[in-house]
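S.K.: model the structure of this input:
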Amino acid sequence: SVRYNNVACHLPWFNEDAMKQYAPILLRISDGMNKFQVKTPVFTYFEPAIVTKVDPPLGSIHGGSLVRVSGINFPNMFGLQCQFGDAAVGAEFLDGREIQCVSPEWKGGPKQVNVHIGIKGGSQLTLASHASFVYQSHPTVQSIHPKYGSVLGGTRVTLRGNALSWPDISSYLSCRFGNSTLVPVVRSFDEHELVCISPPLYDATLDAREKKSVSVSIYANHGQLLLTSSDDQFVYADNIEVGSLSPNSGPLKGGTIVNISAHGLHHFPVDKVTCHFGNSFVPASHIHDENLLRCNTPSIDSSASTKSVMVHLGINGLRDVTSIGQVFTYYRAPSITSIFPTYGFLEGGENVFVSGRFFRHDVRCAFGDLVLSKTVWLSDTSIICTSPVSANKMAVALRVTNNGMDYSDRGGTTEYLFTHRPDAVRVEPSMVQWTERTSITIT
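M.R.: Numbering: from 1, shown residues only. You can find the predicted model right below:
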């Protein structure tokens, strides 16, 4: 067919015996009467190509995957192309069995398409294709959790978003933390979640002393193609150390206010720090500076009279960062059943025998608001308290504490009365026979 200055011809079927007499094959044009030889290179017939494999066999609908196409009879010619369904892109000839090309964008949504090779202009060079390429939805990351991890690596980081579940995901998707080497995806729960293990800090950044927060990215095809990155930063943190606890014990029912000195918190937001008492955690608050925390102990269950747990610090209720802890001892709250005597003099110094339950060796007595350091422990049910000086005659509640902060409940049976010491002015009669029964008046 002729159109303007273009002539389109259909190639005859190649017959080797018939073509030998015309070798080399030249292109001629005839109008039925005259023949015109076209000045072109020698025309060559090629064996039809067969595609047997594509690697990788899948990629994003946004395109960009470097794909190697394998087979037989691949020609090295100008305008060589890979054809992904109806979309074609330029190809690089590697040898007669392999070419490579970059997958084009696919606008039709996720789909499996056959892969052929051809030449620019649309002609196909393949007799058959036994390989296909699967277009997958393009992944996006909306959040990561946790956002903190040890500088030593090993934190399981969950990436949440969309289109995060590709077939055989560990073979085709990888994570990168900052500039780290690629780490494989270890698990994909569904299309909205996948998990990667953080590498050590020195592998994630060129300046580990200064930069400790990095983005988390998802790559395809062994790191050849960046698919998406998180807006959230993953923060590498040093060990958190619990220096001291004050007090370091409290009742099983919880509610003890514990002051905690800590080190290594400078990378964390103040309002995200949590105190972990064994398997339970409570929010922490800062006091004065970032290295001093305050927490209210949670309650715990125990059939024993005491139970010791390790106190650690975490972030948002998770211990994603290594924490060096301290021991906190829970005990059954002490209680008083009786005191004797129930009164004493304003000058103080009276020994008061206190009976009750769950008295510890470091138990202290409190007469009203005055806590005494001098207390004698006899047993877990008996102690001796020495009454303090009182300025006024009054009744106060006698209470006990095992940690200097949490006191036994107030009760009528524990009331202690301060009173004046008796002072005799006159005694009548002043003398009597020792054998006589005589009434004596003291005033």
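
S.K.: ok, the closest residue to Pro247 other than its chain neighbours - contacts?
M.R.: Spatial nearest neighbour of Pro247, chain neighbours left out: Asn403 (4.0 Å); criterion: CB to CB, 6 or more residues apart in numbering. Where you see a C-beta, it was placed from the backbone N, CA and C, and this is true even at glycine. Residues near Asn403 by CB atoms under 8 Å, 6 or more residues apart in numbering: Pro247, Asn248, Ser249, Gly250, Thr256, Asp362.

S.K.: of these, grab the buried ones for PyMOL.
M.R.: The buried residues among the contacts of Asn403 can be selected in PyMOL (16 or more other CB atoms under 10 Å) with this line:
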select buried, resi 247+249+250+256
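
S.K.: present the contacts of Asn403 as JSON lines; the columns should include distance to Ala237.
M.R.: Below are those laid out as JSON lines (distance: CB to CB, whole Å):
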{"residue": "Pro247", "distance to Ala237": "28"}
{"residue": "Asn248", "distance to Ala237": "25"}
{"residue": "Ser249", "distance to Ala237": "29"}
{"residue": "Gly250", "distance to Ala237": "28"}
{"residue": "Thr256", "distance to Ala237": "28"}
{"residue": "Asp362", "distance to Ala237": "36"}
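
S.K.: take the contacts of Asn403 and keep only those in helices.
M.R.: Among the contacts of Asn403, no residue falls in helices (DSSP state H).

S.K.: which one of the contacts of Asn403 is nearest to Ala333?
M.R.: Gly250 (9.0 Å; CB to CB).

S.K.: what's the neighbour count on Asp168?
M.R.: For Asp168, the count of nearby residues is 10 (other CB atoms under 10 Å).

S.K.: hmm, I typed the wrong one, I wanted Val270.
M.R.: Neighbours of Val270 (other CB under 10 Å): 11.

S.K.: gap between it and Ser308?
M.R.: Using CB to CB, to the nearest Å, Val270 is found at 29 Å from Ser308.

S.K.: hang on, the earlier thing: tell me the pLDDT at the residue nearest to Pro247?
M.R.: Per-residue confidence (pLDDT) for Asn403: 93.

S.K.: find me the pLDDT at Gly264, would you?
M.R.: Gly264 is given a pLDDT of 76.

S.K.: mind listing what Asp380 touches?
M.R.: Asp380 neighbours (CB under 8 Å, 6+ apart): Arg357, Phe358, Phe359, Arg360.

S.K.: same thing but at 6 Å, please
M.R.: Counting by CB atoms under 6 Å, 6 or more residues apart in numbering, Asp380 makes contact with Phe359.

S.K.: and Tyr202, what element?
M.R.: Per DSSP states H and E: Tyr202 is located in helix 201-204.

S.K.: contacts for whichever helix or strand comes after that helix?
M.R.: Per DSSP H and E, the first helix or strand lying C-terminal to helix 201-204 is strand 213-220. Identification of contacts with strand 213-220 by CB under 6 Å, 6+ apart yields 139, 144, 173-174, 176-178, 204, 226-230, 233-235.

S.K.: and those residues, which of them are buried?
M.R.: 139, 144, 173-174, 176-178, 204, 227-228, 230, 234-235.

S.K.: re the thing from before, sec struct for the residue nearest to Pro247, please.
M.R.: For Asn403, the assignment made with DSSP: H, G, I helix; E, B strand; the rest coil gives coil.

S.K.: pLDDT score for Gly243?
M.R.: 87.

S.K.: for Ala304, give its distance to Gly325.
M.R.: On the measure of CB to CB, Ala304 and Gly325 end up 21 Å apart.

S.K.: let me redo that: Gly356
M.R.: Remark: distance between Gly356 and Gly325 (CB to CB) = 32 Å.

S.K.: and if you look at Asp362?
M.R.: 22 Å.

S.K.: cool, Ile383 as well?
M.R.: 32 Å.

S.K.: who's more crowded, the two?
M.R.: More neighbours surround Ile383 than the other of Ile383 and Gly325, with 23 against 17 (other CB under 10 Å).

S.K.: sheet-wise, list the partners of the longest strand along the chain with their directions.
M.R.: Ordering each strand of the chain by length in residues (DSSP state E) puts strand 225-237 first. Using DSSP bridges, strand 225-237 pairs in its sheet with strand 148-150 (parallel), strand 213-220 (antiparallel).

S.K.: how close does the closest residue in space to Gly368 that isn't next to it in sequence sit to Tyr416?
M.R.: Nearest non-adjacent residue to Gly368, counting by CB to CB, 6+ apart: Val396, 3.5 Å away. With distances taken as CB to CB, Val396 is found 6 Å from Tyr416.

S.K.: who has more neighbours out of these two?
M.R.: Using other CB under 10 Å as the criterion, Val396 and Tyr416 rank with Tyr416 on top: 23 against 19.

S.K.: correct me if wrong: that one contacts Ala397.
M.R.: No. With contact defined as CB atoms under 6 Å, Tyr416 does not count as touching Ala397 (7.7 Å).

S.K.: surely Leu293 and Ile260 touch.
M.R.: Yes. Counting by CB under 6 Å, Leu293 sits close enough to Ile260 to count as a contact (4.4 Å).

S.K.: give me the common contacts of these two.
M.R.: With CB under 6 Å, 6+ apart as the test, Leu293 and Ile260 reach no residue in common.

S.K.: so which residues of this structure form helices?
M.R.: Ranges of helices in the chain, per DSSP H, are 16-20, 169-172, 201-204.

S.K.: hmm, back to that, mind listing residues that contact the longest strand of the chain?
M.R.: 64-65, 139-141, 143-144, 147-148, 151, 201, 212-220, 267, 321.

S.K.: do that again at 8 Å, thanks
M.R.: With CB under 8 Å, 6+ apart, strand 225-237 has contacts from 59-60, 64-66, 138-141, 143-144, 147-151, 157, 159, 161, 173, 177, 198, 201, 204-205, 208, 212-220, 264, 267-268, 321.

S.K.: quick one, which of these are buried?
M.R.: Counted by 16+ other CB under 10 Å, these give 59-60, 64-66, 138-141, 144, 147-151, 157, 159, 161, 173, 177, 198, 201, 204-205, 212-220, 264, 267-268, 321 as buried.

S.K.: among the contacts of Asn403, which are in strands?
M.R.: Ser249, Gly250.

S.K.: quick one: which two of the contacts of Asn403 are the most distant?
M.R.: Farthest apart among the contacts of Asn403 by CB to CB are Thr256 and Asp362. That separation is 14.5 Å.

S.K.: give me the pLDDT value at the one residue sitting closest to the centre of the chain.
M.R.: Centroid-nearest residue in the chain: Pro146, 2.1 Å away (criterion: CA atoms, centre = their mean). Looking at Pro146, its pLDDT is 85.

S.K.: now do the one 5 residues further on
M.R.: With respect to pLDDT, Val151 scores 83.

S.K.: could you find the closest non-adjacent residue to it?
M.R.: If the residues on either side of it in the chain are set aside, Val151 comes closest to Leu201, at 4.2 Å by CB to CB, 6+ apart.
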